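Novice: no sequence for this one, just the structure:
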Ligand SMILES: Cc1ncc(COP(=O)(O)O)c(C=O)c1O
């Protein structure tokens, strides 16, 4: 089983969707397919009923939509960096020729809202701020609300958020938190194969992007969002993954991906039950870790609900990951500088507490053989 923080396990029903006969992407069946997807994406992004934001799907991985997000904003960007994936925003911005400034926090921490407020006041003006809400490399979730409060005082600055490894795993309040462009890959908490990505763009983001010069075609955010809304994708989409996305979103909204004892919920209630399951799995992981003298890398209040990054304690991470892999259970070594010092368990997507208990029991059995 895949317990790495993405790609995650995909249910057989969803894999079967990928094997459906193809359709014309310029026909009524495609329109119907996209129409199946949109309302559920609204729930995933937590859109208000009166929301003027637009959701879209694009055939690319999450990084493609990160780049698209930056194509739609002006040249002065501010990046909150607390790990490898949040750093990617800065790298992409530099590659696009932006005047990109980064604010860095130590691994396992977040950039404090006061630091952001100071940078906005003293080092601006900026056109956009970027945040990776769930830093998959360190298992840190940055509280969006406190940053949203800071950004409320600078309405000219667009708020761009990476929700990869978060969307579908935890609640998002796109409108309430004043997000302007947010995206996620399919292969993380949505439990789909990799290859497509989803996004949501605010009306003000779209207006500004529409009126700016955008140096991209395939990753032009306006072509992506308009193409989805008008049911005229700018290129041939990955149809198998669209089938899978539609079915998975419908199943999540119908409560069909919940553990059997929790079925019978639907709509936002079902999504909230999915999010609550992830919180319980995170608590289960932490309780197990504490019982083994292990600690999370971040402080508890910053711990991600979808991926736990644990300090190695007495363990040899290489031995642990290899021994588990022999049993068909895959967890991840630490990322970058954290390799060998931490390991990560992705408890997101369609996994449940019972399957997590089996993984943790497998580590228990291996314990004496995987010590440093
Ligand atoms: C937080 C985060 N952002 C971005 C990415 C890159 O996404 P993709 O590989 O879909 O381009 C990842 C991948 O692991 C991620 O975890």
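Specialist: Here it is on my side, so go on. The structure displayed is predicted, hence computed values, not measured ones.
Novice: All the helices of the stretch 251-372 of the chain, residue numbers only.
Specialist: For the stretch 251-372 of the chain, the helices defined by DSSP state H, counting those that start in this stretch cover 267-291, 317-326, 353-366.
Novice: Apart from its neighbours in sequence, what residue is nearest residue 190?
Specialist: Leaving aside its chain neighbours, residue 190 sits nearest to residue 168 (4.1 Å; criterion: Cβ to Cβ, 6 or more residues apart in numbering). Just so you know, the C-beta spots here come from the backbone N, C-alpha and C atoms, and that holds for glycine as well.
Novice: correction: residue 191
Specialist: Closest to residue 191 by Cβ to Cβ, 6+ apart is residue 349, at 3.6 Å.
Novice: Would you confirm that the one you found contacts residue 186?
Specialist: No - judged on Cβ atoms under 8 Å, residue 349 makes no contact with residue 186 at a distance of 10.7 Å.
Novice: Could you measure from the one residue sitting closest to the centre of the chain over to residue 66?
Specialist: In the chain, the centroid-proximal residue (Cα atoms, centre = their mean) is residue 164; its distance is 1.8 Å. According to Cβ to Cβ, to the nearest Å, residue 164 and residue 66 sit 8 Å apart.
Novice: which residues are common contacts for these two?
Specialist: Listed as contacting both residue 164 and residue 66 by Cβ atoms under 8 Å, 6 or more residues apart in numbering are residue 183.
Novice: would you list the helices of the stretch 251-372 of the chain in CSV and tack on mean pLDDT, mean neighbour count and distance to residue 9?
Specialist: Formatted as CSV, the helices of the stretch 251-372 of the chain follow (pLDDT from 0 to 100; neighbours: other Cβ atoms under 10 Å; distance: least, Cβ to Cβ, whole Å):
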stretch, mean pLDDT, mean neighbour count, distance to residue 9
helix 267-291, 98, 17, 13
helix 317-326, 98, 16, 15
helix 353-366, 97, 15, 9
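Novice: List just the one of these that sits closest to the ligand.
Specialist: Of all the helices of the stretch 251-372 of the chain, helix 267-291 sits nearest to the ligand, with 15.4 Å by Cβ to the nearest ligand atom.
Novice: coming back round to it: got phi/psi on the residue nearest to residue 191?
Specialist: Main-chain dihedrals, residue 349, degrees, to the nearest 10: phi 80, psi -140.
Novice: same thing with residue 170?
Specialist: Torsion angles, degrees, to the nearest 10, at residue 170: phi -160, psi 160.
Novice: what about it, neighbour count?
Specialist: Counted with other Cβ atoms under 10 Å, the neighbours of residue 170 add up to 23.
Novice: is it in a bridge, and if so with what?
Specialist: residue 167 (DSSP bridges).
Novice: wait, isn't it in contact with residue 278?
Specialist: Yes - proximity of residue 170 to residue 278 meets the contact threshold set by Cβ under 8 Å, at 6.4 Å.
Novice: what sits in contact with each of these two?
Specialist: In contact with both residue 170 and residue 278: 189, 305, 306, using Cβ under 8 Å, 6+ apart.
Novice: which of these come close to the ligand?
Specialist: Subset of the shared contacts of residue 170 and residue 278 in contact with the ligand: empty, counting by Cβ under 6 Å from any ligand atom.
Novice: ok, and the most crowded of those residues?
Specialist: Within these, neighbour counts (other Cβ under 10 Å) peak at residue 189, which reaches 32 neighbours.
Novice: shaky segments in the protein?
Specialist: Scanning the chain for pLDDT under 70 picks out no residues.
Novice: quick one on the thing from earlier: residues contacting the residue nearest to residue 191?
Specialist: By Cβ under 8 Å, 6+ apart, residue 349 lies in contact with 8, 9, 168, 169, 188, 189, 190, 191.
Novice: Swap in 6 Å and give it another go.
Specialist: Neighbouring residues of residue 349 by Cβ atoms under 6 Å, 6 or more residues apart in numbering: 8, 189, 191.
Novice: cool, residue 84 as well?
Specialist: Counting by Cβ under 6 Å, 6+ apart, residue 84 touches 137, 335, 336.
Novice: can you do 8 Å?
Specialist: Each residue near residue 84 by Cβ under 8 Å, 6+ apart is listed here: 135, 137, 335, 336.
Novice: who's in contact with the last one?
Specialist: Applying Cβ under 8 Å, 6+ apart to residue 336 gives the contacts 84, 137.
Novice: now it: how far from the ligand?
Specialist: Applying Cβ to the nearest ligand atom, to the nearest Å, the value for residue 336 to the ligand is 12 Å.
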